[in-house]
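# Okay, sequence plus prediction incoming.
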Amino acid sequence: MMDFLVFPDFSQRVPLPSYVFFLTHFLLLLQPGELNSEEVRVVGPGEPILALVGEEVEFSCHLSPYLDAEDMEIRWFRSQTSDVVHLYQGRQELYSQQMAQFQNRTRLIKDDIMDGSVNLQLHGIIPADEGLYGCRFLSSNFSKEAVWDLEVADAFLPGSSPWKRAFLGTLVGLPLLLALLLTLALYFFQKQRRCQEKLRKQAEKDKERLSAELGKLQTELDWRRAEGQAEWREAQQYAVDVTLDPASAHRSLEVSEDGKSVSSCTAVPGAVVGDPQRFSEQTCVLSCQRFSAGRHYWEVHVGRRSRWFLGVCLASAPQRVGPVHLSPANGYWVMGLWNRCEYFILDPHRVALTLRVPPRCVGIFLDWEAGKLSFFNVSDGSHIFTFTDTFSGTLCAYFRPRAHDGGAHPDPLTICPLPLRRTCILEENELDAWLQPYESSDPTLGLW
């Protein structure tokens, strides 16, 4: 099993107005053995970062596509790679090569390093920190880096300047000091004014963009309500009773006695710490039912879990494969969630899905003869996605609650009982409370 990349929040580093940056990227998933070093790139902040003197700033870098960076050298540098800000090498942090300016001021966050993602925190910002920065990932077969600019704004207040008070006491005897103080005051005032004007324009631009994107979301939601709800209610006519097969469950999963719920164990029996097999196996369970003809519909309550996979797979599909292999080409038709708000399908590569309302319950409709597998958001009755393929064998319902989820809501995956409720659409005010971000971007890119 593998986890996914977490996005940093840059807006807390500067006194910005209350608005939200929404970023969604897409990533091409490749088998590690087939990864071409020319296709690997390092993604940094992308835009200049603005920070205030005395505060903290966080630099984020990750590999695209997904690649384990635990055994790589990760070097954060200033202007050139020889000017070391922070160095990670041989699975440990080395401080002997660190520039004196940054000693005791950096902290590396590597919780997601096996997903190719690391963050570096720099504390106590000073004006001398302003300039060009970069991070470089180095392995035996490739070396890639990303660079960006750090801009430092000084919170200077001319009226409270200690230099101005000193000038007032020595005005008569030190006219040259007066000229110097006035020059410094003008410089800092103009610099602060430029920073404020830049922030104001950026806020206005983001506000306009957000309004436009919300308009797109409203149009999309209206369409889904009109078209998707009719299709969803039609699918409910083919509701079937689905139960979980404990014999097919991975050792890290717990299946309820009634065969309706599955959750992750807090500890895996017989597991060895650091065993890579834990991350390569599927922590999944299949249904007792087998489908080789007809139409079948079932609903799964996912609650507020931050990560899961649902769908169908061939009964003959291998059960010990990693997430990158969960594609129709390998006999898997699945939809997944990562990081609480990033939904996607694998067809055969990761394709992100834009959902305005996070589903607390997912409806799955299989039309075997038509070669279609559809997913519905039972929370608002909208259609999410439909696979179109030719099924050449017996299928099973597929459930993967993602072991070691780490989320604040470790709800189990629970199959909804029959008869299915047909009035579980959220009220309008509750829909607005769960609006999800929408970010237009190239569908061939992503972050796993």
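In hand now; what should we look at? Bear in mind that the values here come from a model prediction, so they are computed numbers and not experimental data.

# Quick check: residue 348 is in a helix.
No. Residue 348: not assigned to a helix; according to DSSP: H, G, I helix; E, B strand; the rest coil it is coil.

# what's near enough to touch it?
Applying Cβ atoms under 8 Å, 6 or more residues apart in numbering, we find residue 348 in contact with 327, 328, 329. Bear in mind the C-beta positions are built from the backbone N, C-alpha and C, glycine included.

# Mind giving me the ChimeraX select for these, buried ones only?
Provided next is the ChimeraX selection string for whichever of the contacts of residue 348 are buried by 16 or more other Cβ atoms under 10 Å:
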select :327,328
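
# Now do the SS call for residue 199.
Following three-state DSSP, the label given to residue 199 is helix.

# I'd say it and residue 50 touch.
Yes. In this structure, residue 199 is within contact of residue 50 by Cβ atoms under 8 Å, at 7.4 Å.

# quick one, which of the two is more surrounded?
Taking neighbours as other Cβ atoms under 10 Å, residue 199 and residue 50 compare with residue 50 leading, 20 against 16.

# From residue 362, how far off is the more buried one?
Distance from residue 50 to residue 362, counting by Cβ to Cβ, to the nearest Å: 41 Å.

# same check, this time on residue 292
23 Å.

# swap in residue 369?
23 Å.

# between these two, who's got more neighbours?
Comparing residue 369 with residue 362 by other Cβ under 10 Å, the one with more neighbours is residue 362, at 24 against 9.

# got the contact list for the spatially closest residue to that one that is not a sequence neighbour?
Counting by Cβ to Cβ, 6 or more residues apart in numbering, residue 300 is the residue found nearest to residue 362 once chain neighbours are left out, at 5.3 Å. Going by Cβ under 8 Å, 6+ apart, residue 300 touches 310, 361, 362, 364, 399, 413, 414, 415, 416.

# Of the residues you listed, which count as buried by neighbour count?
If you count burial by 16+ other Cβ under 10 Å, the buried members of these come out as 310, 361, 362, 364, 399, 413, 414, 415, 416.

# so what does whatever helix or strand the fourth one lives in touch, helix or strand wise?
Put plainly, it is residue 364. Element membership for residue 364, per DSSP states H and E: strand 361-367. Helices and strands touching strand 361-367, by 3 or more Cβ pairs under 8 Å, 6 or more residues apart in numbering; DSSP states H and E, are helix 229-235, strand 295-301, strand 308-314, strand 372-377.

# Buried residues in the first one, which are they?
Just to be clear, that refers to helix 229-235. Of the residues in helix 229-235, those buried (16+ other Cβ under 10 Å) are 229, 231, 232, 235.

# how about that helix as PDB, C-alpha atoms only?
C-alpha atoms of helix 229-235 as PDB (Å, rounded to 0.1, in the frame of the first residue of the first chain):
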ATOM      1  CA  GLN A 229     -30.500  12.000 -10.100                       C
ATOM      2  CA  ALA A 230     -32.800  10.400 -12.700                       C
ATOM      3  CA  GLU A 231     -30.000   7.900 -13.700                       C
ATOM      4  CA  TRP A 232     -29.300   7.200 -10.000                       C
ATOM      5  CA  ARG A 233     -32.900   6.500  -9.100                       C
ATOM      6  CA  GLU A 234     -33.200   4.200 -12.100                       C
ATOM      7  CA  ALA A 235     -30.200   2.300 -10.900                       C
END
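
# So what's the gap between the helix or strand following it and the chain middle?
Heading C-terminal from helix 229-235, the first helix or strand you meet, by DSSP H and E, is strand 253-255. In terms of Cα atoms, centre = their mean, to the nearest Å, the gap separating the centre of strand 253-255 from the centre of its chain is 26 Å.

# what residues are up against residue 73?
If you count contacts by Cβ under 8 Å, 6+ apart, residue 73 has them with 87, 88, 89, 90, 136, 137, 138, 139.

# Tell me what it is bridged to.
Note on residue 73: beta-bridge partners residue 138, judged by DSSP bridges.

# do you know how far it is from residue 233?
Separation of residue 73 from residue 233 (Cβ to Cβ) stands at 56 Å.

# what does residue 294 give?
Look at residue 294 and residue 233: by Cβ to Cβ, they are 19 Å apart.
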